[in-house]
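>>> From the sequence below, what's the structure:
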Amino acid sequence: MKRFIPFLNTAPSVAVIRLQGMIASGPGAGRLNDVALAPVIETAFKRGKPKAVALVINSPGGSPTQSALIAARIRRLAAEKDIPVFAFVEDVAASGGYWLATAADEIYADSNSILGSIGVISAGFGLQDLIARYGVERRVYTAGQSKSQLDPFRAEKPEDVARLKTLLDQIHQNFIAQVKDRRGAKLAEQDLFTGEFWLGAQAVELGLADGIGHLVPTMKDRYGDKVQFRAYGPRRPFLSRFGLSLMQDALALSEERALYARFGL
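Residues are numbered from 1 along each chain as shown. A predicted model of the protein is given here:
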């Protein structure tokens, strides 16, 4: 019947979800996590019967758990609705940001985009000498011999470091399994899981991306010049609109900048 109603819009649409920022649980401006993104992703897949969902990614990574939760939600909805998913990398899709990209059926990037960093990192500080210099005595009481492991105010214990490295390796293996499951035979026959990262064209050669391309022209090539784009993204928290979370936002921004700095951005 639609073809007999000339004023009814029948142009195909693509739902666009912007995934920009650090991946971390909890509130904060620009943080990507499953709680904040769940309604956005659900709406993008369900509203208006889109031909495809496009993920516009600009993320240096963050929480592996939140990365996995977001990617799993996208894959579940893609399967339920039978809708293809495309990822378009802007500045960077590294570490957890690349985990998000693997939720797509096809990944595209700019020639200058950074992709990869398939690894896991844990960083901190050792402050035991600093507090000793100022005569500060650390007092900790626990029930459970491992309860205070990796305390930054005490000297490292080899057994604690070994335990942490075991956990990091397990998370790394989960990351590798995700990439292999989603990219499969596209991946080059070389070790791509060392934490190294690459620019767009080389990422394509290595099978981490499918091509050099941008959102609008790529989707027009796929669905025609009349394709429409519907953007979806998380709303800012109510109080942040009135500047009442400036300190929290400043801390989140500082942490995010440190992540981007690892890639020279």
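
>>> CA only for contacts and neighbour counts going forward, please
OK.

>>> which element is the spatially most central residue of the chain on?
Centroid-nearest residue in the chain: G97, 3.0 Å away (criterion: Cα atoms, centre = their mean). Secondary-structure assignment from DSSP states H and E places G97 in helix 96-101.

>>> other SSEs contacting that helix?
strand 52-59, helix 64-81, strand 85-94, helix 158-183 (3 or more Cα pairs under 8 Å, 6 or more residues apart in numbering; DSSP states H and E).

>>> other SSEs contacting the first one?
Contact here means 3+ Cα pairs under 8 Å, 6+ apart; on that basis strand 52-59 packs against strand 13-20, strand 85-94, helix 96-101.

>>> what about the last one, distance to the chain center?
If I follow you right, that is helix 96-101. 4 Å (Cα atoms, centre = their mean, to the nearest Å).

>>> Contacts for it, please.
Residues from elsewhere that reach helix 96-101 (Cα atoms under 8 Å, 6 or more residues apart in numbering): 23, 55, 57-64, 67-68, 70-71, 87, 89, 93, 107, 115-118, 175, 178-179.

>>> again, 6 Å this time
59-62, 64, 67, 71, 87 (Cα atoms under 6 Å, 6 or more residues apart in numbering).

>>> related to what we said a few turns ago, nearest to Q170, out of the helices and strands packed on strand 52-59?
Closest of these to Q170 is helix 96-101, at 15.1 Å (criterion: Cα to Cα).

>>> tell me the mean pLDDT over the closest one?
Averaging pLDDT along helix 96-101 gives 98.

>>> outside of the following helix or strand past that helix, which residues touch it?
For helix 96-101, the following helix or strand on the C-terminal side (DSSP H and E) is strand 106-109. Outside strand 106-109, the residues that touch it by Cα under 6 Å, 6+ apart are 86-89, 200, 209-213.

>>> Highest neighbour count among the residues you listed?
When neighbours are taken as other Cα atoms under 10 Å, the top entry among those is V89 (32 neighbours).

>>> Thought I57 was touching it, still the case?
Yes - between V89 and I57 there is a contact at 4.9 Å, judged by Cα atoms under 6 Å.

>>> could you measure the nearest residue to I74 once chain neighbours are set aside against G195, distance?
Nearest non-adjacent residue to I74, counting by Cα to Cα, 6 or more residues apart in numbering: A103, 6.4 Å away. With distances taken as Cα to Cα, to the nearest Å, A103 is found 19 Å from G195.

>>> Neighbour count: the two, which is higher?
Counted by other Cα under 10 Å, A103 and G195 do not tie: A103 has more neighbours, with 27 against 15.

>>> what's the distance between the more buried one and H214?
From A103 to H214 the distance is 18 Å (Cα to Cα).

>>> Same check on Y141?
Relative to H214, Y141 is positioned 56 Å away (Cα to Cα).
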